[in-house]
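*Asks:* here's my sequence, what's the structure:
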Amino acid sequence: MNDAESWRELGQQLRVDSIRACMKTKSGHPTSSMSAADLMAVLLAKYFHYDFDEPENPNNDHLVFSKGHASPLLYSMFKAAGAVSDEELLTFRTFGSRLEGHPTPEIPWVDVATGSLGQGLPYGVGIALAGKKLDRLPYRIWVLCGDSEMAEGSMWEAFEHAAFEGLDNIVAVIDVNRLGQRGETMHGWDLDSYANRAKAFGWHAIEIDGHDVEAIDRAYAEALETTGKPTVIVAKTKKGKGVKAVEDKPGFHGKALDDPEQAIEELGGVRNIVVDVARPKPGQPHVFETGKLELPSYDEGDEVATRKAYGDALKALGAGRSDVVTLDGEVSNSTYAEEFAEAFPDRYFEMFIAEQQLVAAAVGLQVRKWKPFASSFAAFFTRAYDFVRMAAISRANIKLCGSHAGVSIGEDGPSQMALEDLAAFRAVHGSTVLYPCDGNQTAKLVGEMADRDGIVFMRTTRGATPVIYGPDEEFPVGGSKVVRSSDDDEVTIVGAGITLHEALKAADELAENGMNARVIDLYSVKPVDVETLRSAAEATGGRVIVVEDHWPEGGLGDTVLDAFADSDERPRVIKLAVRDMPGSGKPAELLAAAGIDAEHIAEAARRLVESPAQASVR
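*Replies:* Numbering: from 1, shown residues only. The predicted structure is shown next:
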């Protein structure tokens, strides 16, 4: 049997196994898997370099299924490589199986979770950036894309960035089977529509018949020979290829075949081909270096914006650790990530105004064990929220910093004011949410972020705020600080970031009029310091005011309420938050208009203490 015949046989095996995988639960996407089977058969048999016994080998190639619903095909490839048994393959989509409906890194040979379309290629760009710019290793990134997801803007963010960076180590394979979930895709089998756009973005494009294994072989070889630019292979295929009942017919997306036994027979029956996958190409892996970490410090009473302290600390972190990399969305002169960029240009990536690619690149970089810090205005992370959500499913370790949060940014107005970011990031599985109030606290928390697993988000403030903590203070994640207290406290005021300073002003005003207030700096929004909150509430007669520069839903107030959810005795909690749509104005004007400045905090405290039953939230 020659190579072409063996590839065709392997392609048929991948189709059969994709059908078989979907038989038990009668669910999955076998027809979407069958269209790309020949493309993946040639890749696995000749071009993919991977040690399945050592998935952490730094020289391994990377395979990303951007069309994650074709997971039966991916798992069938793992079986053909000898990594998954036939018995395990048939556990697909069953409870407790690692072969889930869409691939996740629960499987050691899967780098990132896919399934939300439009994300695999952006992740691939991040991995390719690591390979070409940081690791400088010969591994290659192969990304299988679906034609439906080419309508996603994030795919074209990836196309543009890959070309801009000259990532000739990435190959995108578009499986153009023309049928989406409900019918024909936007461009059907018009291969030129994909190839011409890719060329316009600066890619080398090759159009082929995706079922001609010899043409596939030539295309992969051409991709390997192409330097200075990435390559896309645009392959015309048929959904459900090889089975007359479903081939190129609408209405079968996401459905197991009605007569799988007949389909398997039509494809030539079950095969048990085992591929001797090529070993990784040799290369010298990067060795990370760690030196003495000297975080910046500031004198008490200084006025320092926490966004500036973030930039200072990031630069210090870069000096002490060679594994730290930074990305920004063309606002580095506002987030102060520019300080890192100037000091360590080889470890800084400008992602321009492309927040989806910003987060995706961070996820890709951490695949290769780098420690990415990505920054932008906090409001703009909403554009990449699906990538953040999927990053949690990927078990990714990324650090995000959102500046210019809340009405306190001032004149820019509501389009720039993040007022939902705390709620959004609190809702992400396993996330950490931090909101520092001064320079020293910010610097220490940036140091904490570096080795924190999961999605870690820091909210920073635009305007300068007084430094209230000394440089030797520690701020463990999950903690808080009782900034003001006495044995005679009558009310607890909880703030963070900008509102912590307003809370302190309010406490001073109340003290002048004979009322003592306990003030808590809840810098760790998630995880939250339940013990300190409950202790303070008990000490102050069950009277708690939470003040936040955020919408009332899901932010600091709800964090505090959650801390008392299973408490036997629940305090009276008043939430002061931004409730009306803000406009432009001076920060002090906007804080007052929102009812979250010192004057309104003091007024709410007096009402709560004097007439707790009538105390309102504003």
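*Asks:* mind giving me the packing neighbours of the lengthiest helix in the chain?
*Replies:* Using DSSP state H to define each element, the chain has its longest helix at helix 3-21. If you count contacts as 3 or more C-beta pairs under 8 Å, 6 or more residues apart in numbering; DSSP states H and E, helix 3-21 packs onto helix 30-35, helix 37-42, helix 71-80, helix 86-89, helix 213-225, helix 260-266. Glycine gets a C-beta too; all of them are placed from N, C-alpha and C.
*Asks:* again, 6 Å this time
*Replies:* Applying 3 or more C-beta pairs under 6 Å, 6 or more residues apart in numbering; DSSP states H and E, we find helix 3-21 packed against helix 30-35, helix 37-42, helix 71-80, helix 213-225, helix 260-266.
*Asks:* so which of those helices gets nearest Val528?
*Replies:* Ranking the helices and strands packed on helix 3-21 by proximity to Val528 (C-beta to C-beta) places helix 71-80 first, at 36.6 Å.
*Asks:* so which bits of that closest one are buried?
*Replies:* Using 16 or more other C-beta atoms under 10 Å as the test for burial, helix 71-80 gives Ser71, Pro72, Leu73, Leu74, Tyr75, Ser76, Met77, Phe78, Lys79, Ala80.
*Asks:* want to throw the helices and strands packed on helix 3-21 into TSV with distance to Val232 and mean pLDDT?
*Replies:* Output for the helices and strands packed on helix 3-21, formatted as TSV (distance: least, C-beta to C-beta, whole Å; pLDDT from 0 to 100):
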stretch	distance to Val232	mean pLDDT
helix 30-35	17	98
helix 37-42	13	98
helix 71-80	19	98
helix 213-225	9	98
helix 260-266	31	97
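*Asks:* who touches the residue nearest the centre of the chain in this structure?
*Replies:* By C-alpha atoms, centre = their mean, the chain has its centre lying nearest to Val388, at 3.1 Å. By C-beta atoms under 6 Å, 6 or more residues apart in numbering, the contact list for Val388 reads Val428.
*Asks:* assumed it was part of a helix.
*Replies:* Yes: using DSSP: H, G, I helix; E, B strand; the rest coil, the assignment for Val388 is a helix.
*Asks:* so what's the closest residue to Asp328 other than its chain neighbours up against?
*Replies:* In space, and not counting its chain neighbours, Asp328 is closest to Ala337: 4.3 Å by C-beta to C-beta, 6 or more residues apart in numbering. By C-beta under 6 Å, 6+ apart, Ala337 lies in contact with Thr326, Asp328, Ser375.
*Asks:* rerun at 7 Å
*Replies:* Counting by C-beta atoms under 7 Å, 6 or more residues apart in numbering, Ala337 makes contact with Gly311, Leu314, Thr326, Asp328, Ser375.
*Asks:* surely Ala496 is in contact with Ile520?
*Replies:* No: counting by C-beta atoms under 7 Å, Ala496 does not reach Ile520; the two are 8.9 Å apart.
*Asks:* higher neighbour count, these two?
*Replies:* Neighbour count, other C-beta atoms under 10 Å: between Ala496 and Ile520, Ala496 has more, with 29 against 26.
*Asks:* any idea of the pLDDT on that one?
*Replies:* On pLDDT, Ala496 comes in at 98.
*Asks:* skipping adjacent residues, who's closest to it in space?
*Replies:* That would be Tyr435: by C-beta to C-beta, 6+ apart, it lies 4.2 Å from Ala496.
*Asks:* next, count neighbours for that neighbour.
*Replies:* Residues near Tyr435, counting by other C-beta under 10 Å, number 33.
*Asks:* hmm, it is touching Ile498, no?
*Replies:* No: with contact defined as C-beta under 7 Å, Tyr435 and Ile498 do not form a contacting pair (9.2 Å).
*Asks:* what ranges does the stretch 101-250 of the chain have for its helices?
*Replies:* 120-129, 153-164, 191-200, 213-225 (DSSP state H, counting those that start in this stretch).
*Asks:* save those as CSV, and put in distance to Leu504 too.
*Replies:* Output for those, formatted as CSV (distance: least, C-beta to C-beta, whole Å):
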stretch, distance to Leu504
helix 120-129, 42
helix 153-164, 43
helix 191-200, 55
helix 213-225, 61
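*Asks:* winner for burial among the ones you listed?
*Replies:* Looking across these with neighbours counted as mean count of other C-beta atoms under 10 Å, the highest average goes to helix 120-129: a mean of 31.
*Asks:* that one packs against which elements?
*Replies:* strand 62-65, strand 141-146, helix 153-164, strand 170-176, helix 355-367 (3 or more C-beta pairs under 7 Å, 6 or more residues apart in numbering; DSSP states H and E).
*Asks:* quick one: contacts of it?
*Replies:* If you take C-beta under 7 Å, 6+ apart as the criterion, helix 120-129 is touched by 62, 64-66, 68, 111-112, 114, 141, 143, 145, 154-155, 157-158, 161-162, 165, 167, 169-170, 172, 349, 356-357, 360-365, 367-368.
*Asks:* please apply the same query to stretch 206-215.
*Replies:* Stretch 206-215 is contacted from outside by 4, 7-8, 11, 38-39, 42, 175, 191, 195, 216, 219, 222, 231, 233-237, 241, using C-beta under 7 Å, 6+ apart.
*Asks:* may I see the buried residues of that stretch?
*Replies:* Buried, per 16+ other C-beta under 10 Å, within stretch 206-215: Ile206, Glu207, Ile208, Gly210, His211, Asp212, Val213, Ala215.
*Asks:* tell me the one among these nearest to Ile19.
*Replies:* Comparing these against Ile19 with C-beta to C-beta places His211 closest, at 17.0 Å.
*Asks:* thought Gly251 was touching Gly240, still the case?
*Replies:* No: between Gly240 and Gly251 there is no contact under C-beta under 7 Å: 10.5 Å.
*Asks:* those two: which is more packed in?
*Replies:* Gly240 (26 against 11).
*Asks:* so how far is Glu265 from the more buried one?
*Replies:* Distance of Gly240 to Glu265, computed by C-beta to C-beta, to the nearest Å: 15 Å.
*Asks:* Val304 belongs to a strand?
*Replies:* Yes: under three-state DSSP, Val304 sits within a strand.
*Asks:* show me what contacts it?
*Replies:* If a contact means C-beta under 7 Å, 6+ apart, then Val304 has Tyr298, Asp438, Gly439, Ala464, Val467 as its contacts.
*Asks:* just checking, which of the residues you listed belong to helices?
*Replies:* Among the contacts of Val304, the members falling in helices (DSSP H) are Gly439.
*Asks:* most widely separated two among the contacts of Val304?
*Replies:* Tyr298 and Ala464 (10.7 Å).
*Asks:* look up phi and psi at Arg484.
*Replies:* Main-chain torsions, Arg484, degrees, to the nearest 10: phi -140, psi 130.
*Asks:* switch the buried residues of stretch 206-215 over to JSON lines; also include distance to Ala563.
*Replies:* What follows is the buried residues of stretch 206-215, written out as JSON lines (distance: C-beta to C-beta, whole Å):
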{"residue": "Ile206", "distance to Ala563": "58"}
{"residue": "Glu207", "distance to Ala563": "59"}
{"residue": "Ile208", "distance to Ala563": "59"}
{"residue": "Gly210", "distance to Ala563": "55"}
{"residue": "His211", "distance to Ala563": "59"}
{"residue": "Asp212", "distance to Ala563": "62"}
{"residue": "Val213", "distance to Ala563": "61"}
{"residue": "Ala215", "distance to Ala563": "62"}
